[in-house]
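Colleague: The following block contains a protein sequence and its predicted model.
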Amino acid sequence: VVFIDEIQYLDHPSNFLKYNYDRWGDRLKLIVSGSSGFYIDEHFTDSLSGRKRLFEMQTLGLEEMLHFTSRDELVEWVGAGKVPLSQRAPLNESLVEYLLFGGYPAVVLAESAEEKILLIQEIATSYVKKDALEAGVKRPDQYLMLAKVLASRTGHLVNMNELGKELAMNNQTVDSYVRLLRQSFHISLCRPFHRNAVKELRKMPKLFFHDLGLRNWFCGSFQPPALREDKGCLLENFVFRRLLETYGADAIHFWRTQQQHEVDFVVTPMLGEPFALEVKWNASRATPSKYRPFMEAYPEIPLSFVDAKSVLSQTFPPEKI
């Protein structure tokens, strides 16, 4: 077994992998990684069809963060349906830490909040800018500015035309920058759910970050969630990350009508039944009648509410009551 990191920097990497698979495949297993989907697409001239399996590696999830920081006794209660009273306080503290600083391994292992923020800043200003330079972006400062604007609109509809006007960029540039952020594994676009796939693809997507710490740096705030105006968006992004780990981006959608009726997530697994989630910082303030249009349109898709109190014990798919 041979591990090769940053395979995209090799000259003709697809030829190298294809040759070694065909010549030594019965004795050799190559595990290769790359941090930029854009760069990989540019340098891989062969699809390696039938010779590869692809895995998209995210930053650490909440359970992985707990393992990394020797809080293993808490892991079994995440998503268990019910958290014992004795474990609620340490789990809530861990959740707040994750909501603020995310899951980059070095950040997770840093001992102080100040050190965590410095590491995230290094990731944002060095590594994200490196992605832009490798992709041939002539204005990396403009690229970072777009990332900051997108971070402030986490969980909201993304209108490329409005972004272009606001940042004085043409639509083609905005679209290419958003695509680069996706190919560098920093963001995902969540597509609307609709029975008609053509209509679904034509509607505006919502945007979520893959790492909450990076998102918060671009927003310019590491304040505790309870003090933030965007705490609802932060929790919604956290739920998206948990869904992403289990189901993948293609299975996660949202529902929205012209009358402004909306449900945060409609998940359509490849295996299993679909389900819907509405995320509120405080679910007791939710108005059930507001979601009647969805329940009437899709009676076969159960809708559950998730809030800051229940998110740690939430099972996916939700347990039927």
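Modeller: On my side now, so go ahead.
Colleague: ok, residue 160 - contacts?
Modeller: Residue 160 makes contact with 171, 174-175, 178 under the criterion Cβ atoms under 8 Å, 6 or more residues apart in numbering. Just so you know, the C-beta spots here come from the backbone N, C-alpha and C atoms, and that holds for glycine as well.
Colleague: could you redo the last one with a cut-off of 6 Å?
Modeller: Listed by Cβ atoms under 6 Å, 6 or more residues apart in numbering, the contact set of residue 160 reads 171, 174-175.
Colleague: need these in CSV with neighbour count, can you?
Modeller: Listed next are these as CSV, based on neighbours: other Cβ atoms under 10 Å:
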residue, neighbour count
171, 12
174, 24
175, 14
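Colleague: Sitting in strands, which of these do you find?
Modeller: Per DSSP state E, strands hold no members of the contacts of residue 160.
Colleague: In terms of distance to residue 101, which of those ranks first?
Modeller: Using Cβ to Cβ, residue 174 comes nearest to residue 101 of the contacts of residue 160, at 28.7 Å.
Colleague: Do you have the helices of the stretch 201-321 of the chain handy? List them.
Modeller: 212-219, 231-247, 292-297 (DSSP state H, counting those that start in this stretch).
Colleague: can you count the residues close to residue 136?
Modeller: For residue 136, the neighbour count with other Cβ atoms under 10 Å is 10.
Colleague: In three-state terms, label it for me.
Modeller: coil (DSSP: H, G, I helix; E, B strand; the rest coil).
Colleague: quick check, distance from stretch 296-311 to the centre of its chain.
Modeller: Taking Cα atoms, centre = their mean, to the nearest Å, one finds the center of stretch 296-311 at 20 Å from the center of the full chain.
Colleague: try stretch 88-98
Modeller: Here stretch 88-98 is found 20 Å from its chain centre; the criterion is Cα atoms, centre = their mean.
Colleague: can you pull the contacts of the residue positioned nearest the centre of the chain?
Modeller: Per Cα atoms, centre = their mean, the C-alpha nearest to the average position across the chain is that of residue 210, at 2.9 Å. By Cβ under 6 Å, 6+ apart, the contact list for residue 210 reads 58, 185-186.
Colleague: Would you mind putting the residues you listed into JSON lines with secondary structure and distance to residue 251 alongside?
Modeller: As requested, those are exported to JSON lines (DSSP: H, G, I helix; E, B strand; the rest coil; distance: Cβ to Cβ, whole Å):
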{"residue": "58", "secondary structure": "coil", "distance to residue 251": "15"}
{"residue": "185", "secondary structure": "coil", "distance to residue 251": "17"}
{"residue": "186", "secondary structure": "coil", "distance to residue 251": "20"}
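Colleague: Among the residues you listed, find the lowest-pLDDT one for me.
Modeller: pLDDT across these is lowest for residue 185, at 89.
Colleague: Please tell me how far it sits from residue 30.
Modeller: The gap separating residue 185 from residue 30 is 21 Å, by Cβ to Cβ, to the nearest Å.
Colleague: Please apply the same query to residue 120.
Modeller: Using Cβ to Cβ, residue 120 is found at 32 Å from residue 30.
Colleague: Between the two, which is the more surrounded one?
Modeller: residue 120 (25 against 17).
Colleague: The nearest residue to residue 209 once chain neighbours are set aside - how many residues pack around it?
Modeller: Once flanking residues are discounted, residue 209 sits nearest to residue 215: 3.7 Å by Cβ to Cβ, 6 or more residues apart in numbering. Here the number of neighbours of residue 215 (other Cβ under 10 Å) works out to 26.
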